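Peer 1: Pasted the sequence and its predicted model underneath.
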Amino acid sequence: MDDKFRETLSYDDVLLVPQASSISSRKEISLESRFGKSMLSIPIVASPMDTVTGSVMASAIALYGGMSVLHRYNTIHEQVLMLKEYLFYTGREGLENPFDYIAVAVGMNGDAIERASKLVSMGVKYVCVDVAHGHHTMMRDTLKQLRDRFGSDIHIIAGNVATKEGFEDLAKWGANSIRVGVGSGSICSTRIQTGHGMPVLQSVLDCASSRHSGRAYIIADGGIRNSGDICKALAAGADYVMVGSLLAGTTESPGEVIMTDKGKVKTYRGMASKEAQNAWKGTHNSIEGISATVPFRGPVAAVLDELVVGIKSGLSYSGAIDLESFTAKSRFIRQTVGGQRESDTHILSNK
């Protein structure tokens, strides 16, 4: 078929094939992975959103062994304060090397270099150039400025991109890790507003086939709804997954708990939503996200516990003892619409 009308795959379109296993306990399975010079206990990165990752969430994720990106939707001074609070919370818990588990977000223009310079001077090792459409000449220019300023002293996370070509360009421009996924977040309306996007699973599969895969980490970003989706992303070639909605509504996410007639909720919003743009810069431009509420879910550690159990179970079904062997051994099949219905929980009522 003409590539202009190429058929692509989403998470719901595929299943992983169960394989022979000799694993007797999930305790045998390791989810450790290297992120630059850091060793993470889980392949999860908290998204740089103002209703997901502030200092409290970042410290909780770090203490669990994951990575977070402190959002940039504030002044430099406010982001510095968030970082200081993160260092205070993790220091109080005795975490060694807290800078191994935290990245800071910057944009592509304005105060990006000044913001990065201030935060790197405090000890930050990971800088995330955080934009919706990262396959752009402004990204190239920003990455060059960061490399000219810091050389190889920092690990640069960049994105987002949806294609192999975008992944390869960002890798050539100097990114160490690349966020892969456009328009798939639960509160993202980019595809509706612009008609553009691509299923994240397909984007990951394409980027994993790049000659730069292995040199630049792939971070599957958007559309992750459960541990099964995480397993599929990792099997497709992602090194990590970035999550927002799965962490929203927890005790540690920014924002107050709101009492409603349906129970406790917290706000969760896309950073391109009208509400987020107005709160951040006092005005709004193109609206490519929404603001909503999600049920209050309690401590984030309980959410992570549940995800880790699911991921480890996923590895065991493929007979994989670690993430590297899981990616190597995994086999996908495509499922029909009937298969998708069968895959979901279902029960027949006697009424």
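Peer 2: Nice, I can see it.
Peer 1: The residue most central in space within the chain: what's it in contact with?
Peer 2: Nearest to the mean C-alpha position of the chain, counting by Cα atoms, centre = their mean, stands Met242 at 1.1 Å. Residues in contact with Met242 (Cβ atoms under 8 Å, 6 or more residues apart in numbering) are 44-47, 69, 179, 181, 219-222, 224. Placement of C-beta: from N, CA and C, glycine included.
Peer 1: For the closest residue to Thr51 other than its chain neighbours, give me the pLDDT.
Peer 2: Using Cβ to Cβ, 6 or more residues apart in numbering and skipping residues adjacent in sequence, the residue nearest Thr51 is Tyr268, 5.0 Å away. On pLDDT, Tyr268 comes in at 81.
Peer 1: Make sure Ile219 is indeed in a helix.
Peer 2: No. Under the criterion used here (DSSP: H, G, I helix; E, B strand; the rest coil), Ile219 is strand, not part of a helix.
Peer 1: That one contacts Ser177, correct?
Peer 2: Yes. Distance between Ile219 and Ser177: 5.7 Å, which falls inside the contact criterion (Cβ atoms under 8 Å).
Peer 1: which neighbours do these two share?
Peer 2: 157, 239-240.
Peer 1: Only whichever of those are buried, select them in PyMOL.
Peer 2: Buried subset of the shared contacts of Ile219 and Ser177, written as a PyMOL selection, criterion 16 or more other Cβ atoms under 10 Å:
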select buried, resi 157+239+240
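Peer 1: which helices and strands does the strand or helix carrying Gly338 pack with?
Peer 2: Here Gly338 sits within helix 337-343, counting by DSSP states H and E. Taking 3 or more Cβ pairs under 8 Å, 6 or more residues apart in numbering; DSSP states H and E as contact, there are no helices or strands that helix 337-343 lies on.
Peer 1: can you give me the offset of it from its chain's centre?
Peer 2: Helix 337-343 has its average C-alpha position 27 Å from the chain's average C-alpha position, going by Cα atoms, centre = their mean, to the nearest Å.
Peer 1: Extract the C-alpha trace of it and format it as CSV.
Peer 2: Listed next in CSV are the C-alpha coordinates belonging to helix 337-343 (Å, rounded to 0.1, in the frame of the first residue of the first chain):
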residue,chain,number,x,y,z
VAL,A,337,-11.8,-6.5,17.1
GLY,A,338,-13.3,-9.7,18.5
GLY,A,339,-9.9,-10.4,20.1
GLN,A,340,-9.9,-6.9,21.6
ARG,A,341,-13.3,-7.5,23.2
GLU,A,342,-12.2,-10.9,24.5
SER,A,343,-9.0,-9.3,25.9
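Peer 1: what pLDDT, on average, does stretch 321-332 get?
Peer 2: 97.
Peer 1: wait, what's in contact with the residue lying closest to Ile29 once chain neighbours are set aside?
Peer 2: Distance criterion Cβ to Cβ, 6+ apart; nearest residue to Ile29, sequence neighbours excluded, is Lys312 at 4.6 Å. Lys312 makes contact with 26, 29, 31 under the criterion Cβ under 8 Å, 6+ apart.
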